[in-house]
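Engineer: got a structure for you, letters missing:
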């Protein structure tokens, strides 16, 4: 299935008002359940990979709506795979629901989850008419290890024709990209010694890390444009009069594409090796979670989403600028996908702050959840009803 997008200015025929009305009626019918889900997840934040109560709440709402659950379920315990309908076009709604340590839903994932579930409920109401199967995937650990990548590797996207979700934000935007990303745990091990009596007998693991950190800082000038390397020291010794036996760091790398991410990874690894060579310490580099690919938003789906949100009174901007990183990028490399920002009033607060989290159950956020559910469902319906797009989604010719 080709992930290639059509131009964002050519969404194809507009949806008939009747389909809009039926999708809107379904969102309205499930409004209490959709907003109740958003509020419950917001009030009960769970960390990445531990979103058991959130997943249970989503499953319960889907079960009430008549969704069935696949006989084979994902390995991740906070994930699931559910579906409704039997059409040949399979629309995947990705439900992410992890929070951040200490500050709760400071990235608005309760809004993400509820809008995706709302879209699934709305599409279920018109699934037979559209000839689609609605597939809902619980995708934990977006903030850390990348649950969507695990689901890809387990085959849960193998039958998917298109994938979608919306992400909480301060404004409505579609078309945006994201940065490819990976994280490493870095461990240097040396030999302890008394720092005053016999320092020459030690191998200073912290020296290795200082050399590496300096090398990384100098290498930044030669990195591909748009690339970012962040490094923090997480362990650097236990006592000032003891040569540090161990030193540990976390390294995060981001770049406009997986290709350039791997280039900077090679450069950073050489910097880390330089620290080991200079100090005599040993080096161990362990990837933390999955690599995140850059996000490719589908042109047709993006424009169909903009059109649908306009029907709800929302002006959705188009902006291709990369924003942060997401494991939805990996999904978008496989199938046509959208991941628009879903805007609501956050009082000027930035993502990943306690101030942002405070707005997640506001009236403005609630409206965004319902509008986003409508917009996602309408975009999927537009693709399913357009013969050229349907052929594209099913792997046929669009000419």
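Structural biologist: It's in. Model, not experiment: these values are computed from the prediction. Numbering: from 1, shown residues only.

Engineer: Where does the prediction get shaky in the chain?
Structural biologist: 1-16, 396-399 (pLDDT under 70).

Engineer: Am I right that residue 201 is in contact with residue 195?
Structural biologist: No. Residue 201 is beyond contact range of residue 195, at 10.5 Å (criterion: CB atoms under 8 Å). C-beta here means a position set from N, CA and C on the backbone, and glycine is covered the same way.

Engineer: so residue 43 touches residue 360, yeah?
Structural biologist: No. Using CB under 8 Å, residue 43 is not in contact with residue 360; the gap is 9.4 Å.

Engineer: And those two? Which one has more around it.
Structural biologist: Between residue 43 and residue 360, counted using other CB atoms under 10 Å, residue 360 has the larger neighbour count: 28 against 12.

Engineer: For that one, give its distance to residue 292.
Structural biologist: 23 Å (CB to CB, to the nearest Å).

Engineer: Same check on residue 126?
Structural biologist: Relative to residue 292, and taking CB to CB, residue 126 is found at 33 Å.

Engineer: The two: which has the busier surroundings?
Structural biologist: The residue with more neighbours, out of residue 126 and residue 292, is residue 292; 26 against 23, by other CB under 10 Å.

Engineer: Tell me what the more buried one is bridged to.
Structural biologist: Beta-bridge partners recorded for residue 292 (DSSP bridges): residue 181.

Engineer: Identify the residues contacting the residue nearest to residue 238 when sequence neighbours are not counted.
Structural biologist: Leaving aside its sequence neighbours, residue 238 sits nearest to residue 244 (CB to CB, 6 or more residues apart in numbering; 7.5 Å). By CB atoms under 8 Å, 6 or more residues apart in numbering, the contact set of residue 244 is 190, 192, 204, 205, 206, 236, 237, 238.

Engineer: Residue 244 in helix, strand or coil?
Structural biologist: coil (DSSP: H, G, I helix; E, B strand; the rest coil).

Engineer: how many other residues sit next to residue 351?
Structural biologist: The local packing count at residue 351 equals 17, with neighbours defined by other CB under 10 Å.

Engineer: gap between the closest residue to it other than its chain neighbours and residue 323?
Structural biologist: Nearest non-adjacent residue to residue 351, counting by CB to CB, 6+ apart: residue 107, 5.4 Å away. Note on residue 107: its distance to residue 323, by CB to CB, is 12 Å.

Engineer: Ok, residue 72 next?
Structural biologist: Residue 72 is 34 Å from residue 323, by CB to CB.

Engineer: Compare the two and say which is more crowded by neighbours.
Structural biologist: Counted by other CB under 10 Å, residue 72 and residue 323 do not tie: residue 323 has more neighbours, with 18 against 10.

Engineer: so what's the more buried one closest to, chain neighbours aside?
Structural biologist: By the measure of CB to CB, 6+ apart, the closest residue to residue 323 outside its immediate chain neighbours is residue 176, 5.1 Å from it.

Engineer: List the contacts of the one you found.
Structural biologist: 295, 297, 319, 320, 321, 322, 323, 339, 340, 341.

Engineer: so where do the helices sit in this protein?
Structural biologist: Taking DSSP state H, the helices of the chain run over residues 17-29, 31-43, 52-64, 109-124, 127-130, 147-154, 205-219, 258-279, 299-311, 328-332, 354-358, 363-385, 387-393.

Engineer: so which of the ones you listed is the most packed in?
Structural biologist: Across those, averaging neighbours per residue (mean count of other CB atoms under 10 Å) puts helix 109-124 on top, at a mean of 30.

Engineer: Hey, what's the angle from that helix to helix 52-64? Just curious.
Structural biologist: Counting by axes from the mean of the first three to the mean of the last three CA atoms, to 10 degrees, helix 109-124 points 20 degrees away from the direction of helix 52-64.

Engineer: what about the residue lying closest to residue 317 once chain neighbours are set aside, how many neighbours?
Structural biologist: Distances taken as CB to CB, 6+ apart put residue 173 closest to residue 317, at 5.0 Å, once the chain neighbours are dropped. By the measure other CB under 10 Å, the count of residues near residue 173 is 20.

Engineer: Which residues are in contact with residue 173?
Structural biologist: 316, 317, 318, 319, 340, 341, 343.

Engineer: correct me, but the fourth one touches residue 177?
Structural biologist: No. Look at residue 319 against residue 177 with CB under 8 Å: they stay out of range, at 9.3 Å.

Engineer: who's more crowded, the two?
Structural biologist: Using other CB under 10 Å, the more surrounded residue of residue 319 and residue 177 is residue 177, with 19 against 14.

Engineer: For the more buried one, list each beta-bridge partner.
Structural biologist: Bridge pairing for residue 177 - DSSP bridges - gives residue 322.

Engineer: Quick check, it in contact with residue 292.
Structural biologist: No. Judged on CB under 8 Å, residue 177 makes no contact with residue 292 at a distance of 12.0 Å.

Engineer: Just give the number of residues close to the residue nearest to residue 257 when sequence neighbours are not counted.
Structural biologist: Closest residue in space to residue 257, ignoring its immediate chain neighbours: residue 294 at 5.1 Å, by CB to CB, 6+ apart. As a burial measure, residue 294 scores 24 neighbours (other CB under 10 Å).

Engineer: Quick check: residue 294 touching residue 177?
Structural biologist: Yes. Taking CB under 8 Å as the contact criterion, residue 294 and residue 177 are neighbours in contact, 5.8 Å apart.

Engineer: Give the residues shared as contacts by the two.
Structural biologist: Counting by CB under 8 Å, 6+ apart, the residues touching both residue 294 and residue 177 are 256, 322.

Engineer: isn't residue 366 right up against residue 36?
Structural biologist: No. Residue 366 is not in contact with residue 36 according to CB under 8 Å; the separation is 10.4 Å.
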